[in-house]
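Colleague: below is the structure, and that's it, no one-letter string:
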């Protein structure tokens with residue numbers, strides 16, 4: 001059963017989608033997504049994309065905090 005979470009800030013949805021596709025391309029999964037669609041990706045593939053997204057978001061937040069401090 002797929003569980004879809006909505007962003008806390010709806011204005012961020014477009015940016016998160018852009019990041020998702022950027023990560024998928026970097027992991028060379030974009031062709032698989034185009035051929036099979038998100039619904040037919042394996043748990044491992046989707047988890048890899050999600051984990052990499054979280055890592056990049058943390059890196060961006062740390063960078064921003066460093067610039068503010």
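Modeller: On my side now, so go ahead. The structure presented is a predicted model; accordingly, all values stated were derived computationally and were not measured. Numbering: from 1, shown residues only.

Colleague: and the pLDDT at the most centrally placed residue in the chain?
Modeller: The chain has residue 20 as the residue nearest its centroid, 3.2 Å off, counting by Cα atoms, centre = their mean. We note a pLDDT of 96 for residue 20 in this prediction.

Colleague: what separation do you get for it and residue 50?
Modeller: 8 Å (Cβ to Cβ, to the nearest Å). (C-beta placed from N, C-alpha, C; glycine too.)

Colleague: what do you get for residue 65?
Modeller: On the measure of Cβ to Cβ, residue 65 and residue 50 end up 23 Å apart.

Colleague: again with residue 34
Modeller: Taken as Cβ to Cβ, the span from residue 34 to residue 50 is 19 Å.

Colleague: ok, those two, which is more surrounded?
Modeller: residue 50 (12 against 9; other Cβ atoms under 10 Å).

Colleague: and stretch 47-67, what's buried?
Modeller: 48, 49, 52, 53 (16 or more other Cβ atoms under 10 Å).

Colleague: could those residues be laid out in CSV, adding pLDDT and distance to residue 27?
Modeller: Putting those into CSV (pLDDT from 0 to 100; distance: Cβ to Cβ, whole Å) gives the following:
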residue, pLDDT, distance to residue 27
48, 97, 6
49, 97, 7
52, 98, 7
53, 97, 10
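
Colleague: among these, name the ones in helices.
Modeller: With DSSP state H as the criterion, helices contain 48, 49, 52, 53 from among the buried residues of stretch 47-67.

Colleague: the third one and residue 68: what is the separation?
Modeller: In other words, residue 52. 25 Å.
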